[in-house]
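> my questions concern the predicted model and sequence given below.
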Amino acid sequence: MEGMYQVLFAFVVVGLLTNKALATQHVVGGSQGWDESTDYTKWASAQTFKAGDQLVFKYTPGLHSVVELPNESAYKNCDVGSALDSMNSGNNAVKLSKPGTRYFACGTIGHCDSGMKLKVTTVSADASSSPGSTPSSSSPASTSAAPASFPFPSIFSMASLLAISMLFMF
């Protein structure tokens, strides 16, 4: 009987870990990273950003930075002086914790005005995984921990619930 509890506990742990591991890490700009040569509107349209995912900004410190802007007006006007947050390490991760729209730009003078800015719309974690448009061959790919449409989280969640309910039966 004790062995059964250990197996059930293992299913619960695997189910919980699998859900965490499925969050996608989007390397902003793909292989190019965060630089002035990437079309971020095009790049973002080829991605599906879900709650729980992360944006990873990779860039040359001192040459670029990342600022999070408070609203669309600040984004459109490149008002980097109104930043909510500023990052400059060259490798920054930003968790997309809930659905909604967030705005980012390079804090280096003139870079935002030349297009180094990103608007990200995050959907709920259980939304479909088709991006706004299909990526073209010139669009850099994102790096992901696992495909967002991976079917096992719901199976493991169900198995976890079953395992917990069985614990109360014995």
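Yes, it's here. Numbers count the residues shown, from 1 in each chain.
> and the strands in this protein, which stretches?
25-27, 49-50, 54-58, 66-69, 85-87, 91-95, 100-105, 117-123 (DSSP state E).
> now those strands as JSON lines including mean pLDDT?
Formatted as JSON lines, these follow (pLDDT from 0 to 100):
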{"stretch": "strand 25-27", "mean pLDDT": "97"}
{"stretch": "strand 49-50", "mean pLDDT": "97"}
{"stretch": "strand 54-58", "mean pLDDT": "98"}
{"stretch": "strand 66-69", "mean pLDDT": "98"}
{"stretch": "strand 85-87", "mean pLDDT": "97"}
{"stretch": "strand 91-95", "mean pLDDT": "98"}
{"stretch": "strand 100-105", "mean pLDDT": "98"}
{"stretch": "strand 117-123", "mean pLDDT": "97"}
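> quick one: closest of those to residue 111.
Across the strands of the chain, residue 111 has its closest neighbour in strand 100-105 (7.5 Å, Cβ to Cβ). Backbone N, C-alpha and C define where each C-beta goes, glycine included.
> neighbours of the closest residue to residue 33 other than its chain neighbours, how many?
Among residues not flanking residue 33 along the chain, residue 58 sits closest, at 4.1 Å (Cβ to Cβ, 6 or more residues apart in numbering). By other Cβ atoms under 10 Å, 19 other residues sit near residue 58.
> of the strands of the chain, give the one that comes closest to residue 79.
That would be strand 66-69 among the strands of the chain, by Cβ to Cβ, at 6.9 Å.
> ok, now which ones touch residue 119?
When contacts are counted by Cβ atoms under 8 Å, 6 or more residues apart in numbering, residue 119 is found next to 40-41, 44, 72, 75, 101-104.
> picking up where we left off before, now render the strands of the chain as CSV, adding distance to residue 33.
Converted to CSV, those look like this (distance: least, Cβ to Cβ, whole Å):
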stretch, distance to residue 33
strand 25-27, 7
strand 49-50, 18
strand 54-58, 4
strand 66-69, 11
strand 85-87, 14
strand 91-95, 9
strand 100-105, 13
strand 117-123, 12
